[in-house]
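>>> Pasting the sequence and the predicted coordinates here, then a few questions.
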Amino acid sequence: MTDLLADRLAIVDLTAAYAFALDGHEWDALDDVFTPDATAELGRPLAGIDAIKQRIRDALEPLDASQHLVATQQVRLDGDRGTCRCYLQAQHVKSGGLFMVGGRYDDRVVRTPAGWRIEHRVLTVLWTEGDPTVLGR
Amino acid sequence: MTDLLADRLAIVDLTAAYAFALDGHEWDALDDVFTPDATAELGRPLAGIDAIKQRIRDALEPLDASQHLVATQQVRLDGDRGTCRCYLQAQHVKSGGLFMVGGRYDDRVVRTPAGWRIEHRVLTVLWTEGDPTVLGR
Amino acid sequence: MTDLLADRLAIVDLTAAYAFALDGHEWDALDDVFTPDATAELGRPLAGIDAIKQRIRDALEPLDASQHLVATQQVRLDGDRGTCRCYLQAQHVKSGGLFMVGGRYDDRVVRTPAGWRIEHRVLTVLWTEGDPTVLGR
């Protein structure tokens, strides 16, 4: 039972580590979040940790600030694999403008020798509000 | 101690399961969230799981999307009973319009043979923003 | 392992207890959140629990309602000390007006005979939205 709880909290930790890596522009911290060969759908399909980092960097580096608030995590475990789904509200700030993205992350996670990692993440955008030009749209 | 932690996380899980049941229109998933004879105050008083499901369904089925982000859970345990309170930001989306409801859920929870369940939930609305006609008001 | 999980959840609990103390105007509940000699940066530097309470009270007492939604907690433990960082969205309501503050709390926490407490908290405001006169600005 204890191990299940520890696993579960470690997986929830990934969702927070991702958020703080993005908003703190600590791109290499994502090495502790994703497997090296992770895939993701973040607006477009991405294969490999380098492609994921580059996509995020291109989106966030031009901004003045961002805040990826994640909550409502739902973890399902099956031995060394699992899924985690959570909600996000990602606020993007530039030159006094704001653009909020409300969405859901659906993750497949896997236990590795170095700890739990995301091997696949899908972002589903549910709503947006504010000025989309903040993200260069 | 371990059991207390497991209980606590199981109760927090109820708040997430409720959110994803609502936003995914998986009404019968609420059978794993509430006791059959649960009561609730969701804008109006409701008695029994069927009345709760119907109320939620009537509110959410006409929408294009919704997102019940829940966070800030505070659990208090007393053996096989407990309370849980948390915050929500519920975004409602229809025809390009948005209506956000910020509030608090106050739950009474009970341990059943099938696991922890909510036996009474009160929604307190703290603020709203956007277009209330999204919810048909 | 169990103790680490219990410590971690106790520290996350502090972030929720703070939120509900503020929004419920239960100022003395902050005695269970901070050490007596805690310091904080909440817009200005504060030293001691009384100064922290007064600052919060001055800001929130004039309002009709507030909601400090906290989420995305990241806890790091080192024996009897630790750090916790989390995101907040603090909605402030007065006379129909809204003022939202999005930010981050960075906490230093310490284990005391009475349980974990915050000994230093820094609020970093990341974005705001709405009517700042709600907070008397």
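Ah, there it is.
>>> in a helix, that's where A:R85 is, yeah?
No: assigned with DSSP: H, G, I helix; E, B strand; the rest coil, A:R85 falls outside any helix and is strand.
>>> List the contacts of it.
The contact partners of A:R85, taken as C-beta atoms under 8 Å, 6 or more residues apart in numbering or on different chains, are A:Q73, A:Q74, A:R104, A:Y105, A:D106, A:D107, B:F20. All C-beta atoms are positioned from the backbone trio N, CA, C, and that covers glycine.
>>> Which pLDDT value does the model give it?
For A:R85, the pLDDT comes out at 98.
>>> before we move on, what about A:L88?
98.
>>> What count of nearby residues applies to the residue nearest to it when sequence neighbours are not counted?
Distances taken as C-beta to C-beta, 6 or more residues apart in numbering or on different chains put A:V70 closest to A:L88, at 4.9 Å, once the chain neighbours are dropped. By the measure other C-beta atoms under 10 Å in any protein chain shown, the count of residues near A:V70 is 23.
>>> hmm, back to that, among the contacts of A:R85, name the buried ones.
Buried residues within the contacts of A:R85, counting neighbours by 16 or more other C-beta atoms under 10 Å in any protein chain shown: A:Q73, A:Q74, A:R104, A:Y105, A:D107, B:F20.
>>> From chain B, how far out is the third one?
Counting by C-beta to the nearest C-beta, to the nearest Å, the gap between A:R104 and chain B amounts to 8 Å.
>>> right, and that residue touches A:L123 too?
Yes: with contact defined as C-beta atoms under 8 Å, A:R104 counts as touching A:L123 (7.5 Å).
>>> Show me the shaky parts of chain A.
A:1-2 (pLDDT under 70).
>>> rerun at 90
Low-confidence segments of chain A (pLDDT under 90): A:1-2, A:136-137.
>>> That one: strands as residue ranges?
Along chain A, the stretches classed as strands by DSSP state E are A:34-41, A:45-47, A:65-78, A:81-94, A:97-112, A:115-130.
>>> who wins for proximity to C:L30 among those strands?
With respect to C:L30, and counting by C-beta to C-beta, the nearest of those is strand A:65-78 at 23.2 Å.
>>> Of all the residues in that closest one, which ones are buried?
A:A65, A:S66, A:Q67, A:H68, A:L69, A:V70, A:A71, A:T72, A:Q73, A:Q74, A:V75, A:L77.
>>> Who are the contact partners of A:L14?
Per C-beta under 8 Å, 6+ apart, neighbours of A:L14: A:V33, A:C84, A:D107, A:V109, A:W116, A:R117, A:I118.
>>> Next: A:K53.
A:W27, A:D28, A:L30.
>>> Widest-spaced pair of the buried ones among the contacts of A:R85?
Between any two of the buried ones among the contacts of A:R85 (C-beta to C-beta), the greatest distance is 14.0 Å, for A:D107 and B:F20.
>>> so how far is C:C86 from the residue minimising distance to the centre of chain A?
In chain A, the centroid-proximal residue (C-alpha atoms, centre = their mean) is A:Y18; its distance is 4.8 Å. Applying C-beta to C-beta, to the nearest Å, the value for A:Y18 to C:C86 is 14 Å.
>>> what sits against A:G102?
Counted by C-beta under 8 Å, 6+ apart, A:G102 has contacts A:Y87, A:L88, A:Q89, A:A90, A:V125, A:L126, A:W127, A:T128, A:E129, B:Q67, B:L69, B:Q91.
>>> again, but for A:V75
Per C-beta under 8 Å, 6+ apart, neighbours of A:V75: A:R8, A:I11, A:V12, A:G82, A:T83, A:C84.
>>> Ok, A:R57 next?
So A:R57 contacts A:H25, A:W27 (C-beta under 8 Å, 6+ apart).
>>> How about the one 10 residues further on?
Counting by C-beta under 8 Å, 6+ apart, A:Q67 makes contact with A:D23, A:Q89, A:A90, A:Q91, A:V93, C:Y87, C:G102, C:G103, C:R104, C:L126, C:W127.
>>> if we go to 6 Å?
A:Q67 makes contact with A:D23, A:Q91, C:Y87, C:G102, C:L126, according to C-beta atoms under 6 Å, 6 or more residues apart in numbering or on different chains.
>>> Looking at those residues, which is nearest B:A51?
C:Y87 (35.7 Å).
>>> is that closest one in a bridge, and if so with what?
C:A71, C:R104 (DSSP bridges).
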